[in-house]
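Student: model this:
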Amino acid sequence: MVAPTDSSTLISLQGLRKSYNIGLPSEAEVLHGLDLRVGRGEFVALMGPSGSGKSTLLNILGLLEPMTSGSYQLQGEEVRGLDDAGLTLRRRSALGFVFQFHHLLPAFTALENVTLPSLMRDGQVSAKQRDYAREMLAEVGLAQAENKRPGELSGGMQQRVAIARAVVLNPPLVLADEPTGNLDQASSAEVFKLLRRLHSERGTSFIVVTHDARLAARCDRLVELVDGRIARDGAVAAVA
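Tutor: I've put the predicted structure just below:
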């Protein structure tokens, strides 16, 4: 059983279960009583075969779909039972997202895409927020690309814009779902190096879903799901 949370804990799951088609003949439980804790400043790889429940778990952690039963505390607050407005506020204040496909708005410039979280949170973008978004683009190596639209950027550059967008509000935790899965090997290495640098410099926690064992080996901790259960959890060197 996961111990009670403290100030160093970002995520604490106890007995988390997720079922689909509840009450129907096709009802199926895909997550079976998970206990998991992720602390501040951790860089965690989440691995497992297709159908193991990785995407479902990430969606629950990202407050994008509800659990069926169990407890999920985010920064010490129980999120089960929050209404849509409460979930939205928690997502905006605590979480950043990076996906396999960058999901940039094609009609927006790189700078406008990075300011989008501020626009969604506040209804407008201040000059200070715009300047900070420029700083973030510079931090990911795209200072000269702020006025370019996604279609004018390479895949690796698009993903770096998406990473800048994910961290522009300084969330304590970034959830990354196969962030290098759509990139060539060189771009993949570049993007992963950027994630590690942001982790090191900012203390941001990352949970990275990946099928790439080479990338997982460069994380600090590995959590492996098999058939909806945690099969392994520990320091990469210890579980390799």
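
Student: can we go C-alpha only for contacts and neighbour counts from here?
Tutor: Fine.

Student: show me where this structure has helices.
Tutor: 54-61, 84-94, 110-122, 127-139, 155-167, 185-202, 213-216, 236-239 (DSSP state H).

Student: Who are the contact partners of residue 115?
Tutor: For residue 115, the contacting residues are 125, 129, 130, 133, 165, 168, by C-alpha atoms under 8 Å, 6 or more residues apart in numbering.

Student: rewinding a little: tell me which of the helices of the chain lies nearest to residue 41.
Tutor: Comparing the helices of the chain against residue 41 with C-alpha to C-alpha, the closest turns out to be helix 185-202 (7.2 Å).

Student: List the buried residues for that closest one?
Tutor: 187, 188, 190, 191, 192, 194, 195, 196, 198, 199 (16 or more other C-alpha atoms under 10 Å).

Student: how near is the closest residue to the last one other than its chain neighbours to residue 237?
Tutor: What that stands for is residue 199. Among residues not flanking residue 199 along the chain, residue 205 sits closest, at 6.4 Å (C-alpha to C-alpha, 6 or more residues apart in numbering). For residue 205, the distance to residue 237 (C-alpha to C-alpha, to the nearest Å) stands at 19 Å.

Student: swap in residue 200?
Tutor: Counting by C-alpha to C-alpha - residue 200 and residue 237 are separated by 19 Å.

Student: Please apply the same query to residue 173.
Tutor: Residue 173 is 23 Å from residue 237, by C-alpha to C-alpha.

Student: These two: which has the busier surroundings?
Tutor: Using other C-alpha atoms under 10 Å as the criterion, residue 173 and residue 237 rank with residue 173 on top: 29 against 12.

Student: tell me, what residue is most central in the chain?
Tutor: When C-alpha atoms, centre = their mean is applied to the chain, the residue found nearest the centroid is residue 175 (0.7 Å).

Student: which residues does that residue contact?
Tutor: Residue 175 neighbours (C-alpha under 8 Å, 6+ apart): 58, 62, 95, 96, 97, 98, 206, 207, 208.

Student: And those residues, which is closest to residue 40?
Tutor: Taking those together and measuring to residue 40 by C-alpha to C-alpha, the closest member is residue 206, at 9.2 Å.

Student: Can you give me every residue that contacts that closest one?
Tutor: Residue 206 neighbours (C-alpha under 8 Å, 6+ apart): 41, 42, 43, 44, 173, 174, 175, 176, 199.

Student: from those residues, which is closest to residue 78?
Tutor: The closest of the contacts of residue 206, once distances to residue 78 are taken by C-alpha to C-alpha, is residue 173, at 16.3 Å.

Student: low pLDDT regions in the protein?
Tutor: Under the criterion pLDDT under 70, the flagged ranges of the chain are 1-7, 100-102, 182, 238-240.
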